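Student: Give me coordinates for this.
(2 chains)
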2 protein chains.
Amino acid sequence: MEFFLTKPIHISLDAMGGDYAPDIIINGAAQAKLRYPNLIFSFFGDQTKLDPLIKALDLSSFSNVIHTNEVINSSDKPSTALRKGKNSSMGMSIQLVKSGKADAIVSAGNTGALMAMSKLILRPIDGIIRPAIAAYFPTINGESCMLDLGANIECDYKNLVQFAFMGQAFARIVMGVKDPSVSLLNIGEEEQKGLDYIKEASRVLYSLNNEINYKGFIEGDKIAKGISDVIVADGFSGNIFLKTAEGTAQLVTSYLKGAFSSSLSSKIGYLFAKKAINNFKLQMDPRKYNGAVFLGLNGVAVKSHGGTDAFGFANAICVAVDMVQHNFISDLKNKISKSNLNF
Amino acid sequence: MEFFLTKPIHISLDAMGGDYAPDIIINGAAQAKLRYPNLIFSFFGDQTKLDPLIKALDLSSFSNVIHTNEVINSSDKPSTALRKGKNSSMGMSIQLVKSGKADAIVSAGNTGALMAMSKLILRPIDGIIRPAIAAYFPTINGESCMLDLGANIECDYKNLVQFAFMGQAFARIVMGVKDPSVSLLNIGEEEQKGLDYIKEASRVLYSLNNEINYKGFIEGDKIAKGISDVIVADGFSGNIFLKTAEGTAQLVTSYLKGAFSSSLSSKIGYLFAKKAINNFKLQMDPRKYNGAVFLGLNGVAVKSHGGTDAFGFANAICVAVDMVQHNFISDLKNKISKSNLNF
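Tutor: Here you go, the predicted structure:
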C-alpha cells in the first residue's frame, strides 16, 4: 500500500454484481481513484477474472482481492440470497464493513438481496424501524433527494416521519444543504387530501418544526421545480416517481433526436448547437445520479444501477466516499438519538 | 338551430369552471365547432357574461344559455359541492346529460366535485363498483391511456380488474386500437413483486385471457416506450405517474431552453432548427392531451385541466365528441354485462 497524505478510505466492492461485472466494477474503481487518490479497495469475486483487470489498470498496490465463486443472481429472491449469501461476493463485501475493516460497500447487484443482506449484517440504527433507499436527481434549481425508493412498499406514518429525518440528514451532510426543506409526496397539497397514514405523518412532522424544516405535501409535477430538498414517500410511490421521471426524460430525448434529424435545416442547426445539446444531455445523464444509498443502517451501503457503465459505477463509489468523509453514519445516529423518534 | 348533414351532438358545458372561465370555455367551444360542425352547446353560467362572448364568436344559433349564479369553487370539498351543487353551473350541466337532452358534459372545474356530482347524478354502470378517471398521453410509439388518475386513492383487486376492462374499451373504441394490450403498474415485472391486491388483480386478469389482452406488470420507466396501450393503477400511483411525467417534461424543456441560449453558436443552431424544435414542443404539448374521462358512469363526462386555454379546452370537448360518436357508453355497458365482472 502507498503512503497517503489524507486518511485512506477503504471501499468494499461486490465485484460480481450487475450486468457488466466484473469489468465495470474494476474500471469504475479506477475512475473513482482518479478523483479520490486516498481510496483503497477490496474486491470480492472470481480471482482469475479480477486479477488481470486490476493489473491492467495499475490498481494492484491499492487493492485486495478476496476470492469467491458464489454470486447472487439478479433473479434471486431476497430469501434465496440470504440462504446462499454468506459466502457470496455480495455477502462477503458487506461483512467487511460490519467487521470495521472497510468504510463502505458498493454493489451493482440485485437490490432486494442487497437490502436484505445489508439489514441482516449491518443492522438498522437503534431507533430506526425500517431503513430506506434514497437517491438524488436533477431539478431546475439543482438537486433534490427522495426516499424511500422501494425498500418498503407499505409504510405507516412512523416510517415516513423517520424517512423525513434520515433524508434531512442526507441532504445536510452529503448534499451540503444548510437547512434542507422536506416535503411528503401526495396527490394534492390541501391538508384533507391523500391517504390516512400520509396525513398523520404530515401532522407529526408539523409538530416537530423545531427539528425539521417541513413544508407539507408536494405533488409529482412540482418536484422537478426543486422547491423541496427532500421528498419523502412510501417505497411504492417513490419507485414509480423515479422510474417515471427516467422514462419521460428518455422519451423527450428521443423526440428531440427525431426533431433534429427531420430536415436539412434542423441538421445544420444541430451542428451549430451540438456542444450545447451535449451539455443538455449531460445535465440529465442518469449515470451522474447513479448510487442509491441505504439509509438507517450501521454502515454505508450504496447500490449502483445494474446496467450502468464504469463512469456510472465510479459515481456510485463517490457517493459512498462522500458519506464516509462527512461521517454520515455517526452524525445520523447522533441526530436520531436526540430526536424523539422512538415511537 | 341550423340544419345538420350529420346528427347533431349536444355538449353540455359548465361555463364557469376553471381558472379562465367563461372565456376559454366559449372560445374552446368555438374551436371545437370548427372541427365538428355538427356540435351544439348548452352553456351553464352567468348569462350576462356568457351572452356577449357567444355573440362575438357567432355561436348564438348553435347555443343555449342557461343562467345560474351558483359556482363550485376550486377549493370546495366534494361534500360542500354536493350540498350546493344542484343549482350550480356544474351540477346543472351534468343534469342535462342525465335527462337525455345532452350527449356529454365537459367541465374545467374542481375534479373531486365533478366526480362526486357525476357519480351522484349519472350513477355508475350496473356492475361497476367504482368509476375511474382515465386520460391518454404520448409515448414513443403513439399514445397510451392510464386509469385511475385519482378518483380512487385506495383500491382492491376487483377495482383494478374493472379498470382494466374499462380502459380496454376506451382504447378500443375511442383510441381505435384493435386489440389493446393492458398492463398493471407495479415496481417490478416479476410475479412476486408489489402489493398484494395488485398481485391478486394480476392473477385474475391472466385467468380472463380470452376476454382481455393482459400483459402483466409494467414499471414506470417502460410506460413511455408505448409497449402497453392501457396502464391500470390505483388512483394514487396513477396520479403520481401522470404528474411526474408532466413535471419531468417541463424540466427537460427548461434545460433545453437554457442550452440553446448558452452561446452564440447554439443561438444560431436554434434559428436553423426552430421549426423542428417547435414540432418537438407540439409533440409533448399537454394541451393536446387535455380531457380526462370519467369511465364507468351512465353518461359521458370529461374533465378539462383547470388552467388550460381555449385550444386545450377544445380538445377536451373533442374527447367527449369521440366518445359520443363511437357509442362508448352502450358499448362498455354491453361488454360489462357479458363479462363475469360482477364480483
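Student: can we go C-alpha only for contacts and neighbour counts from here?
Tutor: Fine.
Student: What are the boundaries of the strands in the stretch 1-150 of chain A?
Tutor: A:9-14, A:39-45, A:63-67, A:104-107, A:132-138, A:143-147 (DSSP state E, counting those that start in this stretch).
Student: Highest mean neighbour count out of those strands?
Tutor: strand A:104-107 (a mean of 28; mean count of other CA atoms under 10 Å in any protein chain shown).
Student: Output the strands of the stretch 1-150 of chain A in a markdown table; the columns should cover distance to chain B and mean pLDDT.
Tutor: Output for the strands of the stretch 1-150 of chain A, formatted as a markdown table (distance: least, CA to the nearest CA, whole Å; pLDDT from 0 to 100):
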| stretch | distance to chain B | mean pLDDT |
| --- | --- | --- |
| strand A:9-14 | 23 | 98 |
| strand A:39-45 | 27 | 98 |
| strand A:63-67 | 31 | 96 |
| strand A:104-107 | 19 | 98 |
| strand A:132-138 | 9 | 94 |
| strand A:143-147 | 12 | 96 |
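Student: so what's residue A:222 up against?
Tutor: Residues near residue A:222 by CA atoms under 8 Å, 6 or more residues apart in numbering or on different chains: residue B:247.
Student: picking that back up, so can I have CSV of the strands of the stretch 1-150 of chain A showing distance to residue A:227?
Tutor: Below are those laid out as CSV (distance: least, CA to CA, whole Å):
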stretch, distance to residue A:227
strand A:9-14, 34
strand A:39-45, 35
strand A:63-67, 42
strand A:104-107, 30
strand A:132-138, 12
strand A:143-147, 9
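Student: Chain neighbours aside, what residue packs nearest to the closest residue to chain B within the stretch 1-150 of chain A?
Tutor: Shortest the stretch 1-150 of chain A-to-chain B distance, computed as CA to the nearest CA: residue-wise this is residue A:140, at 6.3 Å. Distance criterion CA to CA, 6 or more residues apart in numbering or on different chains; nearest residue to residue A:140, sequence neighbours excluded, is residue A:225 at 5.3 Å.
Student: do residue A:33 as well
Tutor: residue A:39 (5.8 Å).
Student: again with residue A:211
Tutor: Using CA to CA, 6+ apart and skipping residues adjacent in sequence, the residue nearest residue A:211 is residue A:339, 7.8 Å away.
Student: Bridge partners for the residue nearest to residue A:71 when sequence neighbours are not counted, pull those for me.
Tutor: Once flanking residues are discounted, residue A:71 sits nearest to residue A:88: 5.1 Å by CA to CA, 6+ apart. With beta bridges defined as DSSP bridges, residue A:88 has these partners: residue A:70.
Student: does residue A:88 really touch residue A:73, like I thought?
Tutor: No: counting by CA atoms under 8 Å, no contact exists between residue A:88 and residue A:73, whose distance comes to 10.2 Å.
Student: more crowded one of these two?
Tutor: Between residue A:88 and residue A:73, residue A:88 has the larger neighbour count (other CA atoms under 10 Å in any protein chain shown), namely 22 against 16.
Student: Distance of that one relative to residue A:59?
Tutor: For residue A:88, the distance to residue A:59 equals 23 Å [CA to CA, to the nearest Å].
Student: Show me the domain layout of chain A.
Tutor: According to automatic domain parsing, chain A comprises the domains A:1-128+A:296-329+A:336-343, A:132-288.
Student: out of those domains, nearest to residue B:256?
Tutor: domain A:132-288 (6.2 Å; CA to CA).
Student: Can you get me a residue count around residue A:54?
Tutor: For residue A:54, using other CA under 10 Å, the count is 22.
Student: tell me what the lowest-mean-pLDDT helix or strand in chain A is packed against?
Tutor: The weakest-scoring helix or strand in chain A, judged by mean pLDDT, DSSP states H and E, is helix A:78-84 (a mean of 85). On a contact count with 3 or more CA pairs under 8 Å, 6 or more residues apart in numbering or on different chains; DSSP states H and E, helix A:78-84 meets helix A:111-122.
Student: Quick check: mean pLDDT of the helix it packs on?
Tutor: Mean pLDDT, helix A:111-122: 95.
Student: ok now that helix, how far from the chain's centre?
Tutor: 14 Å (CA atoms, centre = their mean, to the nearest Å).
Student: Alpha carbons of it, as CSV, please.
Tutor: C-alpha atoms of helix A:111-122 as CSV (Å, rounded to 0.1, in the frame of the first residue of the first chain):
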residue,chain,number,x,y,z
THR,A,111,-31.4,-4.6,-5.0
GLY,A,112,-33.7,-6.7,-2.9
ALA,A,113,-30.9,-9.1,-2.0
LEU,A,114,-28.5,-6.3,-1.2
MET,A,115,-31.1,-4.6,1.1
ALA,A,116,-32.0,-7.9,2.8
MET,A,117,-28.3,-8.8,3.5
SER,A,118,-27.3,-5.3,4.5
LYS,A,119,-30.1,-5.2,7.0
LEU,A,120,-29.2,-8.6,8.4
ILE,A,121,-25.4,-7.9,8.6
LEU,A,122,-25.2,-4.2,9.3
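Student: Okay, buried residues for it please.
Tutor: A:111, A:112, A:113, A:114, A:115, A:116, A:117, A:118, A:119, A:121, A:122 (16 or more other CA atoms under 10 Å in any protein chain shown).
Student: would you turn those residues into JSON lines with distance to chain B?
Tutor: Listed next are the buried residues of helix A:111-122 as JSON lines, based on distance: CA to the nearest CA, whole Å:
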{"residue": "A:111", "distance to chain B": "11"}
{"residue": "A:112", "distance to chain B": "10"}
{"residue": "A:113", "distance to chain B": "13"}
{"residue": "A:114", "distance to chain B": "16"}
{"residue": "A:115", "distance to chain B": "15"}
{"residue": "A:116", "distance to chain B": "15"}
{"residue": "A:117", "distance to chain B": "18"}
{"residue": "A:118", "distance to chain B": "20"}
{"residue": "A:119", "distance to chain B": "19"}
{"residue": "A:121", "distance to chain B": "23"}
{"residue": "A:122", "distance to chain B": "24"}
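Student: Verify the contact between residue A:272 and residue B:266 for me.
Tutor: Yes: in this structure, residue A:272 is within contact of residue B:266 by CA under 8 Å, at 5.7 Å.
Student: residue ranges with poor pLDDT in chain A?
Tutor: A:1-5, A:342-343 (pLDDT under 70).
Student: Up against chain B, what does the stretch 51-200 of chain A have?
Tutor: Taking CA under 8 Å from any CA of the partner chain as the contact definition, the stretch 51-200 of chain A meets chain B at A:139, A:140, A:150, A:153, A:154, A:186, A:187, A:194, A:195.
Student: residues touching the third one, list them.
Tutor: Listed by CA under 8 Å, 6+ apart, the contact partners of residue A:150 are A:132, A:133, A:234, A:235, A:236, A:238, A:239, B:187.
Student: cool, residue A:129 as well?
Tutor: residue A:159.
Student: so how far is stretch A:184-191 off the chain centroid?
Tutor: Mean-position distance between stretch A:184-191 and its chain equals 25 Å (CA atoms, centre = their mean).
Student: any chance you could map the strands in the stretch 151-300 of chain A?
Tutor: A:181-185, A:213-218, A:230-232, A:292-295, A:300-303.
Student: residues contacting the residue nearest to residue A:57 when sequence neighbours are not counted?
Tutor: Residue nearest to residue A:57 in three dimensions, not counting chain neighbours: residue A:30, with 6.9 Å by CA to CA, 6+ apart. By CA under 8 Å, 6+ apart, residue A:30 lies in contact with A:57, A:59, A:314.
Student: Done for today, thanks.
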